[in-house]
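> need the 3D shape of this:
(2 chains)
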Amino acid sequence: GAGVSQSPSNKVTEKGKDVELRCDPISGHTALYWYRQSLGQGLEFLIYFQGNSAPDKSGLPSDRFSAERTGGSVSTLTIQRTQQEDSAVYLCASSLYRLEEQYFGPGTRLTVT
Amino acid sequence: KQEVTQIPAALSVPEGENLVLNCSFTDSAIYNLQWFRQDPGKGLTSLLLIQSSQREQTSGRLNASLDKSSGRSTLYIAASQPGDSATYLCAVVLIPGNTGKLIFGQGTTLQVKP
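Next up, the predicted model:
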């Protein structure tokens, strides 16, 4: 079956602009996670969705970051007023239920100039 | 705070060697541990998941062990091949919170020379 997909694969934006990153999880997976991978910080958790609700947003680095999930499926991560330190690869993962094996998408490489 | 450490950071071996990658974690209250592979410019591929009640898991030439009491896991790769060259990451899920979020180590970059 289809795996986790993310779009766009690459995004270059100017400092101060808003960006939206999309994640399509594996069909039927109830849990969805966003992570960020940067050179200095490694892989870090951002936010967790169970269905359409986000019980854990503890990893979002600032209030410029927000995310939503609709229909228990697609999720969008929005970064407002992007800064250069937001440059990273944003990875999405899904699992059938929380605490189970996570499957990752290919990521979106974000470059803020 | 849970910290996950992977040693070595990089490893280069000739083809055919058996090798061990190490992962240690400071808080033994984990729900499970997962090993991933990441190829350059790609996402993560899940290799093995070990529940906290398990001691090891095997998949083909890969064997992962878990010693929760000592805070250690190892990934054993038998008869390494050039196609095994990649970065290997371990990650744990903590029991408190129960959201399933992964806490990652920094990874070991493996190069297998033909």
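> in three-state terms, how would the spatially most central residue of chain A be classified?
The residue at the geometric middle of chain A, judged as the C-alpha nearest the mean C-alpha position with C-alpha atoms, centre = their mean, is residue A:34 (3.6 Å). Using DSSP: H, G, I helix; E, B strand; the rest coil, the structure places residue A:34 in strand.
> how near is it to residue B:34?
Distance from residue A:34 to residue B:34, counting by C-beta to C-beta, to the nearest Å: 17 Å. C-beta coordinates here come from the backbone N, C-alpha and C atoms, glycine included.
> what's the answer for residue A:21, then?
As for residue A:21, its distance to residue B:34 is 23 Å (criterion: C-beta to C-beta).
> again, but for residue A:4
Residue A:4 sits at a distance of 15 Å from residue B:34 (criterion: C-beta to C-beta).
> which parts of chain A are helices?
Assigned by DSSP state H, chain A shows no helices.
> run through the residues of it sitting next to chain B.
Within chain A, the positions near chain B by C-beta under 8 Å from any C-beta of the partner chain are A:4, A:31, A:33, A:35, A:42-45, A:48, A:50, A:55-56, A:59, A:91, A:93, A:95, A:98-107.
> buried ones among the residues you listed?
Among the residues of chain A next to chain B, those buried by neighbour count (16 or more other C-beta atoms under 10 Å in any protein chain shown) are A:4, A:31, A:33, A:35, A:42-45, A:48, A:50, A:56, A:59, A:91, A:93, A:95, A:98-100, A:102-107.
> restricted to strands, list these.
Under the assignment DSSP state E, those contribute A:31, A:33, A:35, A:42-45, A:48, A:50, A:56, A:91, A:93, A:95, A:103-104 to strands.
> perfect, that will be all.
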